[in-house]
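Engineer: got a sequence here, can you build the structure:
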Amino acid sequence: MRQVIVYPGEDGYWVAQCPSLPPCISQGKTKEEAIANIREAIELYLEVLQEEDGIV
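Structural biologist: Below is the predicted model of the structure:
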């Protein structure tokens, strides 16, 4: 499980980021959409790390 921070962006969208995985930042029109998008981003990022380096 990873910590995710969700906050309103300047453009009216919600921003979600995962501090322990700096490349994982996403956004959505609603908090729920931003959370769903960051979950997908985290899953994909971890898959790539695992395939490339076997780190995770």
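
Engineer: the residue nearest the centre of the chain: which element?
Structural biologist: Nearest to the geometric centre of the chain sits Ile38, at 2.9 Å (CA atoms, centre = their mean). In the assignment (DSSP states H and E), Ile38 maps to helix 31-53.

Engineer: chain center to that helix: distance?
Structural biologist: Relative to the centre of its chain, helix 31-53 is centred 6 Å away, using CA atoms, centre = their mean, to the nearest Å.

Engineer: quick check: buried residues in that helix?
Structural biologist: Neighbour-count burial for helix 31-53 flags Ala34, Ile35, Asn37, Ile38, Arg39, Ala41, Ile42 (criterion: 16 or more other CB atoms under 10 Å). C-beta here means a position set from N, CA and C on the backbone, and glycine is covered the same way.

Engineer: and the two most separated of the residues you listed?
Structural biologist: Largest separation among the buried residues of helix 31-53 by CB to CB: Ala34 and Ile42, giving 12.5 Å.

Engineer: hang on, the earlier thing: counting contacts, what elements does the helix holding Ile38 pack onto?
Structural biologist: strand 5-8, strand 14-17, strand 25-28 (3 or more CB pairs under 8 Å, 6 or more residues apart in numbering; DSSP states H and E).

Engineer: could these be laid out in JSON lines, adding distance to Leu49?
Structural biologist: As requested, the helices and strands packed on helix 31-53 are exported to JSON lines (distance: least, CB to CB, whole Å):
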{"stretch": "strand 5-8", "distance to Leu49": "21"}
{"stretch": "strand 14-17", "distance to Leu49": "17"}
{"stretch": "strand 25-28", "distance to Leu49": "16"}
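
Engineer: right, so those strands: which one is the most enclosed?
Structural biologist: strand 14-17 (a mean of 20; mean count of other CB atoms under 10 Å).

Engineer: so what does that strand touch, helix or strand wise?
Structural biologist: Strand 14-17 packs on strand 5-8, strand 25-28, helix 31-53, going by 3+ CB pairs under 8 Å, 6+ apart.

Engineer: so for Gln17, which of those sits nearest?
Structural biologist: strand 25-28 (4.4 Å).

Engineer: each with direction, which strands does that closest one pair with?
Structural biologist: Paired neighbours of strand 25-28 in the sheet (DSSP bridges): strand 14-17 (antiparallel).
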